[in-house]
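A.B. asks: Fold the stuff below for me.
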Amino acid sequence: MDEPIRILCVDDEQNVLKSLERFFIDDNYEILCAASGEEGLEIMQKAAPVQIVISDYRMPGMNGVEFLKEVCSRWPDTVRLVLSGYADTSAVVSAINEGQIYKFIPKPWDENELRVAISNSIDRYFLYKKNLQLIGELKRLKDMLDGLPAAVLCIDPDGLIVFINQKGNELFQKEGRLIPGTSNRYALPAEIQPGIDEAAKDKPEISGAVLINNRRVGFKASSLLFPDERRGTILLFEREGRVA
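C.D. replies: Predicted structure coming up:
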């Protein structure tokens, strides 16, 4: 983790806030406390990033779900948990989607359950950030590949098509657009499969030619390393000419 973990605890009862501070005293977290939803939002504004928010449900003025709904709107990557007494359970469960709350923790809380919830919340936060980063990288890659004059397909380690650029769709348009998530074994000419298999084994670039829409098309298959360290294939197609 490259950033300090901040946990904001929001409750109108000071004894609850003190109990939470004591609970985390031996952990390497920065604990922030607020006595209301309004104060919690002010702290969030000043202390961001705050990775986790634990809020009581019953509070005067802005209740916990209203507060967490606002947190969700302004800081969507923050993981949101709600604390509440058993009497509020049905009301909280029905309102959970409003604040996109990750976890409901009943009062009085079980220490082991709370500790597991915090650990899972931290994992969830950094996974969300990593996914956002990957989405950004994929968008930049898509923009770059769509600008190429050649058809490009990316195939994951399980043999599924995960990306096809604009030229690729134009090349295969008579056979229908290739849909990401479909198996290349059904979508692509069988002659290409040996090159895909070899590239996935991190073998040297494989090249060949195949007929697509009555045109001879040259292709190159190269190894492509995915984030999970497994290898897939990137295919590059270049038209060579019409077959009589």
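
A.B. asks: these two touch, right, residue 238 and residue 217?
C.D. replies: Yes - using CB atoms under 8 Å, residue 238 is in contact with residue 217, at 6.9 Å. Any C-beta I mention is one placed from the backbone N, CA and C, and that applies to glycine too.

A.B. asks: Of those two, which one has the most company?
C.D. replies: It is residue 217, of residue 238 and residue 217, that has more neighbours when counted by other CB atoms under 10 Å, with 19 against 14.

A.B. asks: So what's the residue count around residue 49?
C.D. replies: Neighbourhood size, residue 49 [other CB under 10 Å]: 14.

A.B. asks: So the nearest residue to it once chain neighbours are set aside versus residue 80, what's the distance?
C.D. replies: Using CB to CB, 6 or more residues apart in numbering and skipping the chain neighbours, the partner closest in space to residue 49 is residue 3 (6.5 Å). Separation of residue 3 from residue 80 (CB to CB, to the nearest Å) stands at 18 Å.

A.B. asks: In terms of neighbours, single out the busier of these two.
C.D. replies: For residue 3 versus residue 80, neighbours defined as other CB under 10 Å are more numerous around residue 80 (24 against 10).

A.B. asks: wouldn't the more buried one be in contact with residue 101 here?
C.D. replies: Yes - between residue 80 and residue 101 there is a contact at 5.0 Å, judged by CB under 8 Å.

A.B. asks: Which neighbours do these two have in common?
C.D. replies: Common contacts of residue 80 and residue 101 (CB atoms under 8 Å, 6 or more residues apart in numbering): residue 68.

A.B. asks: now the lengthiest helix in the chain: mean pLDDT?
C.D. replies: Ranked by residue count and defined by DSSP state H, the top helix of the chain is helix 111-146. Helix 111-146 shows a mean pLDDT of 86.

A.B. asks: so after it, what's the next helix or strand?
C.D. replies: Scanning forward in sequence from helix 111-146 by DSSP states H and E, the next helix or strand is strand 151-155.

A.B. asks: could you give the mean pLDDT of the helix or strand following that following strand?
C.D. replies: Counting by DSSP H and E, the next helix or strand C-terminal to strand 151-155 is strand 161-164. Summarised as a single mean, pLDDT over strand 161-164 is 84.

A.B. asks: Pull the residues that contact strand 161-164.
C.D. replies: For strand 161-164, the surrounding residues in contact (CB under 8 Å, 6+ apart) are 138, 141-142, 145, 151-156, 172, 177-184, 187, 232.

A.B. asks: can I have it written out in PDB, keeping just the CAs?
C.D. replies: Output of strand 161-164 as PDB, limited to C-alpha atoms (Å, rounded to 0.1, in the frame of the first residue of the first chain):
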ATOM      1  CA  ILE A 161     -11.600 -12.300 -27.700                       C
ATOM      2  CA  VAL A 162     -11.300  -9.300 -25.300                       C
ATOM      3  CA  PHE A 163     -10.700  -6.500 -27.800                       C
ATOM      4  CA  ILE A 164     -11.100  -5.800 -31.500                       C
END
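
A.B. asks: Done for today, thanks.
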